[in-house]
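> Structure, please.
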Amino acid sequence: MKKIFLIVIFIIFSTLPSFSAHIYLEKEYQNQWCRVNNGQTEVILNDKTRIDCLTQTHAIEFDFASKWAESIGQSLYYALETGKQPGVVLILESPQKDLKYLERLNEVAKKYNIKVWTMTPQNMYPQRNCKK
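As a prediction, this is how the structure comes out:
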């Protein structure tokens, strides 16, 4: 009985990070932006990696602000694999707090020619301000 209790406690605590306090899921931002910008979501490459949104011109990675650095590598890889330009949509759920991440991303993006867009919860339902 004690083992079962410990397993249940472990499962509960190990899943807590997945219930982080995001207003919307990354996938919801992705679907909204990609639909508005005539892109295709979840494009699977030969190596089974998935491009969050592929438009006529860009291979785009979506990430929450704190994951800005990860978005750079993924967007560059997707661009390399598709022949499109790299792009990142950085999700800013707390714009004042997240500004430091956007500034870091923009610094690198300028050097490596990565197009950067942003989304906030205000860009969601109804569609507003998330056009290219």
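
> hey, let's count contacts and neighbours off CA atoms from now on
Noted.

> Name all residues that make contact with residue 79.
Residue 79 is in contact with 58-59, 85-86, counting by C-alpha atoms under 8 Å, 6 or more residues apart in numbering.

> Please give the element, helix or strand, for residue 30.
Assessed by DSSP states H and E, residue 30 sits inside helix 26-36.

> so what secondary structure elements neighbour that helix?
Applying 3 or more C-alpha pairs under 8 Å, 6 or more residues apart in numbering; DSSP states H and E, one finds that helix 26-36 contacts strand 40-44, strand 50-54, strand 58-64.

> any chance of these in TSV, with distance to residue 28 and mean neighbour count too?
Output for the helices and strands packed on helix 26-36, formatted as TSV (distance: least, C-alpha to C-alpha, whole Å; neighbours: other C-alpha atoms under 10 Å):
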stretch	distance to residue 28	mean neighbour count
strand 40-44	11	15
strand 50-54	11	23
strand 58-64	10	26
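
> between the ones you listed, which gets nearest to residue 71?
strand 58-64 (5.8 Å; C-alpha to C-alpha).

> Give the pairing partners of that closest one; include direction for each.
Its sheet considered, strand 58-64 pairs with strand 50-54 (antiparallel), strand 85-91 (parallel) by DSSP bridges.

> what residues does the helix holding residue 30 touch?
The contact list for helix 26-36 (C-alpha under 8 Å, 6+ apart) reads 40-41, 52-55, 62-64, 91, 119, 124, 127, 130-131.

> With stretch 37-56 instead?
Residues outside stretch 37-56 that contact it (C-alpha under 8 Å, 6+ apart) are 30-31, 34, 59-62, 78, 81, 84, 131-132.

> ditto for stretch 95-102
65-66, 68, 90, 92, 120.

> And the longest helix belonging to the chain, what's buried?
Assignment by DSSP state H gives helix 95-112 as the longest helix of the chain. Residues 95, 98, 101-102, 105-106, 109 are the ones in helix 95-112 that count as buried (16 or more other C-alpha atoms under 10 Å).

> would you turn those residues into CSV with distance to residue 23?
Compiled in CSV, the buried residues of helix 95-112 are given as follows (distance: C-alpha to C-alpha, whole Å):
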residue, distance to residue 23
95, 13
98, 14
101, 18
102, 19
105, 22
106, 24
109, 26
